[in-house]
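Visitor: Pasting the sequence and the predicted coordinates here, then a few questions.
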Amino acid sequence: MKEVYVDREQCISCGLCVSLVPEVFRFEEDKSIAHDPHGAPENRIQECVDGCPVSAIHWREEQE
Ligand code: SF4
């Protein structure tokens with residue numbers, strides 16, 4: 001199963017992902033984190049992946 005994560009080095013804190021899908025993303029110390037990677041359907045998360053202006057949101061294979 002894949003899960004989403006935010007590269008905090010890249011995030012410029014624009015707020016898009018946090019406002020689009022707050023079930024998954026929130027600000028922590030001024031940068032977005034995926035606090036609940038499975039908190040929303042993949043297609044909604046994908047909108048954030050596609051919409052992030054600096055492409056800071058990525059998928060990765062979940063560790064077992
Ligand atoms: S959309 Fe991208 S740059 Fe904007 S807050 Fe989310 S991760 Fe950061």
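Guide: Perfect, I can see it now. Here the structure is a predicted model, which is why all the values come from computation and not from measurement.

Visitor: Do a quick rundown of the helices in this protein.
Guide: Under the criterion DSSP state H, the chain contains helices at 16-20, 42-51.

Visitor: for those, which one ends up most surrounded?
Guide: Greatest average neighbour count among the helices of the chain goes to helix 16-20 (a mean of 17), per mean count of other Cβ atoms under 10 Å. Bear in mind the C-beta positions are built from the backbone N, C-alpha and C, glycine included.

Visitor: Next to the ligand, which bits of the protein? Give me the list.
Guide: Contact residues (Cβ under 6 Å from any ligand atom) of the chain with the ligand: 6, 11-18, 32, 48, 52-54, 56-57.

Visitor: same thing but at 5 Å, please
Guide: Taking Cβ under 5 Å from any ligand atom as the measure of proximity, the chain contacts the ligand at Val6, Cys11, Ile12, Cys14, Leu16, Cys17, Ser32, Cys52, Ala56.

Visitor: Could I get the helices of the chain in JSON lines, plus columns for mean pLDDT?
Guide: Formatted as JSON lines, the helices of the chain follow (pLDDT from 0 to 100):
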{"stretch": "helix 16-20", "mean pLDDT": "98"}
{"stretch": "helix 42-51", "mean pLDDT": "98"}
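
Visitor: looking at these, which is closest to Met1?
Guide: When the helices of the chain are compared by Cβ to Cβ, helix 42-51 sits nearest Met1, at 10.1 Å.

Visitor: Which strand residues bridge Arg26?
Guide: As for beta bridges, Arg26 partners with Ile33 under DSSP bridges.

Visitor: Understood, closing this out.
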